[in-house]
Every structure is written in structure tokens, then in C-alpha cells.
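J.: Take a look and give me a structure for this.
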Amino acid sequence: MIVGQNGILSQANTAKEETIIATEKEQIEIALVTYEMYNREKDKYDLIEKETGQKILNIEEEYVLKGEIIEFESGRKYLITENKVEYMRDLENAIIIAGGTSNSSYLQGSSTYLRKDVELIELVNNKIISKNAIDSWDISQNKDGSVVAWITDEDNNNLYEWHIGANYRIKANAEMTWYFRGFTNLKNIIGLEYMDFYQTTSVSSMFGNDINLKSIDIDFSNAKNLTAIGSIFSGCRSLESVNLNSLDNTKITSLKEVFMSCEKLEYIDFSNWNIGNITNMNFLFYGCSNLKQINMSNFTVDGSLESTFYGCNINVKVLVKDEETKNKLLQSGYIADGNIEIVEKN
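T.: Alright, predicted model coming up:
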């Protein structure tokens, strides 16, 4: 009763630790307020150390959570974002179960639920399974419970909501090919900001043939190891908007079929992408019949352009960075000289 795992001493130590954490969180928050009051002229980390009495051993930028993790000499870690300070109790090295081994009609990790029966995919930064969940399972690579999945049917229409959760963030597998492909009734996918693509090498056809998906917002700002993104949105016939947040990765050389048959898209902006020389743009905008403007002002094109603009809106405006790129695009035979405009890079 006194010394066991749930004994009096253990409970007392736990309570003491919780008190220390609550105090340190408040002290860090005070230091950050002071930092802002002085218009960021003082050293933020010096203020935190003085307020907490703890030396900072390590500072790690957290791309996905849009903040930073500071580690004290005590071993305690805190996540500091724009809105709050959070104790990192167990920042798990969570990895979603492998996704590129087969083009299955079932959800990853399930042999019961079909992709065609899902209308919403939600990624969350916790593992709190809904009370009204119909089913749940471990979806982590190592089968250690670090990532969990569960199914609900909120409106009782026999179309499911598929939830995937891990504490703080979800680390994508190296191979994410076909991971969310073929969800023919999927209308929305939310929470992709919690997905960490740092270790990912392939997202080829990741959302391919999601024919009812209307919008997508995906952040590749820390996807430093991507080599394959071909066909990632191919066949998304209802897609109206795509927010392609920053991608800085010179390993990518092919954009083959990335937007093929995206019939509803009107604008595509690659201007904040810094990638390698593009050697394959075959079928990139094939069948994008409603496109009005494409911003490619940050691209160097040096390769195949087979049917790149085939079936596009004949009045589509293409923004490029120089005369050389313009001439290469004209060689595709599907874009008129007057449709290509040379713009200065920001």
C-alpha cells in the first residue's frame, strides 16, 4: 500500500510532479509575455531560464506543430506554440502502418470497412476514441498503440467517418502510396496539418480517384525526403481547391499526372515550391478543362512534356520565370504563345 505502483508514495510523487509541471508552464507563459512586452528585444530563452530556474539543454523546431520544443536539464520537455505552452508528456515517435504495399479496397489495418463507404477522414492530435465509435484498431507500424484508428457513423447514413489519431502529431510512413486512394464517397479530409512527412519518400497517388473530394490542404514544409509525388491527385474530378503549402526538396524531378483529370480546378499555385529540375511533366494537367491560371514561376523545366496541357482550358494563363521555360512549354503543342506570361520571381 505504501511503496507499490499505486501506493501512497507513488501517488505523492505523481502529485508533486504535476505541481512542478503546472508551475513551470505558468512560469514559461510569464516569460513569453515579458518577451512580447519588450517587443522581442530581450532573449526569449534567457527569460525562460530566469523565470523557471531551469537551464535549457536543447531547443528543437517543431515543423508540424508550428512551434518549438525546449528541454530542461530536469528532462522535462515543453512544446511552445503561438497559442499555448504544453508539457510533452509522451511525444511518441508515431508511424502510421505501411501504406504502399497494395491498392486495397479496405481501410488500412482493417478487413471489415471499405474505402467506398467512408465520407470523412479526420486526423487528430490525440488518441481519444469517440464514445460512439463503432470499431477501433491499432494502426501503428510497430503495433505499439502509438497510432489508433476508429470508425463512427454520426448521421446514421451507412457512410462512415474514419478517424486516425496520435499524441501531438502523426508521423507518416516512408511509403504513403495509395494511402487515401479510391475513397469514392469521400467529401472531406481534415487534420492533415498533424501529419509529419519528414521520413516520407513517396506520396504517389495518395489521393488518387477520390472523385467526390472537393478541397485539400496539405503541408509539405518539412518533407525533405520526398522523391515521388506522381498522380497524387490524379482522378480527383470534383477537386475545386488545393492548398499546396511550401515544398523545398530538390530530390523531386517528376510531376507526372499530378493533376490529371482534375476537371473542376481553376487555379494551381506552385510559386512557393523550391524543387529540382523537372524532367517529367507528362500528363501533368491532362484533362484540367476548367483551369484559368497556373503559377509555375519557380520551376526549371528540362524534360518530357507529353500531353502536359492536353484537354486544358484553351484560355488558361501559365506563369513562368523565363523565356527558356516558356519555349520548352510551347514545345508541348497544347499551349498557345499568348497564354504564357513571364513573371519576375518574388
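
J.: and the helix or strand bottoming out on mean pLDDT in the chain, how far from the chain's centre?
T.: Using mean pLDDT, DSSP states H and E, strand 247-249 stands out as the lowest-scoring helix or strand of the chain, at a mean of 78. Offset of strand 247-249 from its chain centre (CA atoms, centre = their mean, to the nearest Å): 13 Å.

J.: Partner strands of it and their direction?
T.: The pairing partners recorded for strand 247-249 under DSSP bridges are strand 273-275 (parallel).

J.: who's in contact with the strand it pairs with?
T.: Residues from elsewhere that reach strand 273-275 (CB atoms under 8 Å, 6 or more residues apart in numbering): 244, 246, 247, 248, 249, 250, 252, 253, 298, 299. (Glycine included, C-beta is placed from N, CA and C.)

J.: please redo it, this time with the cut-off set to 10 Å
T.: 220, 226, 229, 244-253, 255, 295-296, 298-300 (CB atoms under 10 Å, 6 or more residues apart in numbering).

J.: Drop anything exposed from those.
T.: Among the contacts of strand 273-275, the ones that count as buried by 16 or more other CB atoms under 10 Å are 220, 226, 229, 244, 247, 249, 252, 255, 295-296, 298-300.

J.: Sort out for me which of the contacts of strand 273-275 are in strands.
T.: The members of those that map onto strands under DSSP state E are 244, 245, 247, 248, 249, 295.

J.: need these in a markdown table with distance to residue 75, can you?
T.: Output for these, formatted as a markdown table (distance: CB to CB, whole Å):
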| residue | distance to residue 75 |
| --- | --- |
| 244 | 39 |
| 245 | 33 |
| 247 | 35 |
| 248 | 33 |
| 249 | 34 |
| 295 | 47 |
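
J.: Of all pairs in those, which one is the farthest apart?
T.: Spanning the widest gap among the ones in strands among the contacts of strand 273-275 are 249 and 295, at 18.1 Å by CB to CB.

J.: show me where pLDDT drops low in the stretch 51-200 of the chain?
T.: Applying pLDDT under 70 to the stretch 51-200 of the chain flags residues 90-93, 98-102.

J.: try it again with 90
T.: Across the stretch 51-200 of the chain, the ranges flagged by pLDDT under 90 are 60-66, 82-84, 88-104, 125, 141-142, 144, 167-169.

J.: Just the strands from it, written as ranges.
T.: With strands called from DSSP state E, counting those that start in this stretch, the stretch 51-200 of the chain shows them at 56-62, 67-72, 77-81, 85-87, 118-124, 135-138, 148-152, 160-165, 170-171, 188-190, 195-196.

J.: quick one: the last one to chain centroid distance?
T.: The gap between the average C-alpha position of strand 195-196 and the chain average comes to 5 Å, counting by CA atoms, centre = their mean.

J.: Summarise which helices and strands it is packed against.
T.: Contact here means 3 or more CB pairs under 10 Å, 6 or more residues apart in numbering; DSSP states H and E; on that basis strand 195-196 packs against strand 170-171, strand 215-219.

J.: now those in JSON lines, with distance to residue 63?
T.: Output for these, formatted as JSON lines (distance: least, CB to CB, whole Å):
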{"stretch": "strand 170-171", "distance to residue 63": "12"}
{"stretch": "strand 215-219", "distance to residue 63": "8"}
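
J.: circling back: please work out which residues outside the least confident helix or strand of the chain touch it.
T.: Identification of contacts with strand 247-249 by CB under 10 Å, 6+ apart yields 197, 218-227, 229, 270, 272-276.

J.: Can you tell me the strand partners of the next helix or strand after that strand and which way each runs?
T.: Under the assignment DSSP states H and E, the closest C-terminal helix or strand after strand 247-249 is strand 267-269. Sheet pairing here is set by DSSP bridges, and for strand 267-269 it gives strand 293-295 (parallel).

J.: Identify the residues contacting the partner strand?
T.: Strand 293-295 is contacted from outside by 259, 265-273, 284-285, 288, 309, 312-313, 315-320, 329, 335, 339-341, 343, using CB under 10 Å, 6+ apart.

J.: So which elements touch the helix ranked longest in the chain?
T.: When the chain is parsed with DSSP state H, its longest helix is helix 8-37. Contacts defined by 3+ CB pairs under 10 Å, 6+ apart place helix 8-37 against helix 44-52, strand 67-72, strand 77-81, strand 85-87.
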